[in-house]
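Asks: the sequence and its predicted three-dimensional model are supplied below.
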Amino acid sequence: MPTPALAGGASSPVRSGWAVGGVPFVQARGSGPYAFDAEGRRYVDYVMAYGPLLFGHGHPAFTTGLDELASRGAVTGSTHPDELVLAERIRGHLPAMQRLRFTTTGSEAVQGAIRVARAYTGRDAVLKFGGNYHGHFDLALQDAGASAHTDRPQQSGIPASITRDLAVARYNDVADVDAQLAKLGDRLAVICVEPIVGNMGLVQPEPGFLAGLRERADERGALLLFDEVITWLRLGLGGAQARVGVVPDLVTVGKILGGGFPIAAFGGRADVMSVLAPDGPCFTGGTHAGNPFAVAMGLRVLDWLESHPEAYARMNAHASELAAGIRAIFARRNLPFAVTQLESIVDFKFRAGPPNRNYDDARAADKALYARYYHAMRGRAVLLPPSQNEVMFLSTEHDAVDVAETLAAIDATFAELDLRM
């Protein structure tokens, strides 16, 4: 077989399936909650493009009338009316984003927000958390979650000069935060965190943790950045910040906003964002930032969610049913794995004990066992993410029949694995 022209056989490493081995899944098409391979076999899909497909594949609200959108022009090179409208509507749901700027990807959004934080504070250092994934730019990748696995940055092409301005703390551990802050001294510009984590499994903040970050940022004259690229819209129109009761200075959003099309944004306090050109000296921009087609899709997404508030309760009900069913299977088989669920996200790890609370817990899970589980489930027509760091995402299109089919597959798979613990 000839060597593929596509480097590594995939445009993003996790898609290659290297973490689970075997032949990578190649998806020919999708429909609703289902993925289809090249042979036409149907799979119940819990990858959902790693989160953005809140509405499943090919939802009619986001696949009809696209010719009319495209006919207005692919890109303008100028600000356009929809861009102004979408910014106002985002601010209406996320008041912390008093001013915002569009980007194409979540990586760009976080990179832009960190640049703004440095420009505003006049400092260089960033504190982030092990297992939190903020994109693929240099500063974000050390000890990142998802499938980055860049714990040796210089071997990953990340300069040592970058890591000198970075500290990585343990999530849910304010004592470790204090230890890392002591090393940074007065150089701290921003604390960057996923307020609810979806990249080392589903990990929720313990009481007082995020408030402690807010307090420490304020004490040092630094900023607090919430990365809500996964959580905004997945957890409701108010995102994670509406749940945790802590107001950040900067916010990044993306993924779901475009209904599958590429769009993201960063924003925050008006005085902080005023450092951006043309008002200030800090430059961010891009030809496709605020792309007219993607912005139009963002407006459709908000239209649909605002007019269908019942969709969140329905997704939560199906996800709760799936989580309860998995717990029942584990109890019947006397397996010590914890199942977590929040809205349309379900997760468990092959590690005995309580749910993950930090990246150390995530890395202690049995990767080889997950690989066996992944392939056995795929053989039963259930598509899971090919990495144990990821989670199961449901959509508006998953229903009780899909949940029942999935639970039957899980039960049969655990019978096949015949675990003894």
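Replies: Okay, I see it. If you're wondering where the values come from, they're calculated on a predicted model, not measured in any experiment.
Asks: alpha carbons only for contacts and neighbour counts from here, please
Replies: Noted.
Asks: Provide the secondary structure category for the closest residue to G135 other than its chain neighbours.
Replies: Leaving aside its chain neighbours, G135 sits nearest to S107 (4.1 Å; criterion: Cα to Cα, 6 or more residues apart in numbering). Classification of S107 using DSSP: H, G, I helix; E, B strand; the rest coil returns helix.
Asks: return the distance of S107 relative to V253.
Replies: Going from S107 to V253 by Cα to Cα, to the nearest Å gives 10 Å.
Asks: which one of these two has more residues nearby?
Replies: Using other Cα atoms under 10 Å, the more surrounded residue of S107 and V253 is V253, with 27 against 20.
Asks: returning to that earlier point: who's in contact with the residue nearest to G135?
Replies: Shown in contact with S107 (Cα atoms under 8 Å, 6 or more residues apart in numbering): 134-137.
Asks: most neighbours of all these, which one?
Replies: So for these (other Cα under 10 Å), the most neighbours sit at H134, 28 neighbours.
Asks: what strand or helix carries it?
Replies: In this assignment (DSSP states H and E), H134 forms part of neither any helix nor any strand.
Asks: my guess is it contacts A140. True?
Replies: Yes. Counting by Cα atoms under 8 Å, H134 touches A140, with 5.5 Å between them.
Asks: so what's the residue count around the closest residue to G56 other than its chain neighbours?
Replies: Once flanking residues are discounted, G56 sits nearest to G32: 4.7 Å by Cα to Cα, 6+ apart. G32: 19 surrounding residues under other Cα under 10 Å.
Asks: just A74 next, same as before
Replies: Neighbours around A74, by other Cα under 10 Å: 13.
Asks: how close does it sit to T287?
Replies: Applying Cα to Cα to A74 and T287 gives a distance of 11 Å.
Asks: just L276 next, same as before
Replies: Counting by Cα to Cα, the gap from L276 to T287 is 17 Å.
Asks: before we move on, what about Y359?
Replies: For Y359 relative to T287 (Cα to Cα), the value is 36 Å.
Asks: just want to know which of these two has more residues nearby.
Replies: When Y359 and T287 are compared on other Cα under 10 Å, the one with more neighbours turns out to be Y359, at 24 against 12.
Asks: that one touches G131, doesn't it?
Replies: Yes. Judged on Cα under 8 Å, Y359 makes contact with G131 at a distance of 4.9 Å.
Asks: tell me which residues touch R363, please.
Replies: If a contact means Cα under 8 Å, 6+ apart, then R363 has no contacts.
Asks: tell me how far it lies from K349.
Replies: Counting by Cα to Cα, the gap from R363 to K349 is 10 Å.
Asks: do P195 as well
Replies: To K349, P195 is 20 Å away according to Cα to Cα.
Asks: okay, the two: which has more neighbours?
Replies: K349 (29 against 25).
Asks: show me what the helix or strand encompassing the more buried one is packed against.
Replies: If you go by DSSP H and E, K349 is part of strand 345-352. In terms of contacts (3 or more Cα pairs under 8 Å, 6 or more residues apart in numbering; DSSP states H and E), strand 345-352 is packed against helix 310-332, strand 337-342, helix 367-379, strand 392-393.
Asks: now, of those, which is deepest in the fold?
Replies: strand 392-393 (a mean of 25; mean count of other Cα atoms under 10 Å).
Asks: and the next helix or strand past that strand?
Replies: Sequence order places helix 400-417 as the next helix or strand after strand 392-393, per DSSP H and E.
Asks: so where's the stretch 151-300 of the chain shaky on pLDDT?
Replies: For the stretch 151-300 of the chain, the stretches flagged by pLDDT under 70 are 151-154.
Asks: apply 80 and report the result again.
Replies: Scanning the stretch 151-300 of the chain for pLDDT under 80 picks out the ranges 151-158, 160.
Asks: over to the stretch 1-150 of the chain?
Replies: In the stretch 1-150 of the chain, residues with pLDDT under 80: 1-3, 138, 140-150.
Asks: OK, contacts around the residue most central in space within the chain?
Replies: Residue closest to the average C-alpha location in the chain (Cα atoms, centre = their mean): I230, at 3.2 Å. For I230, the contact set (Cα under 8 Å, 6+ apart) comprises 51-52, 198, 253-256.
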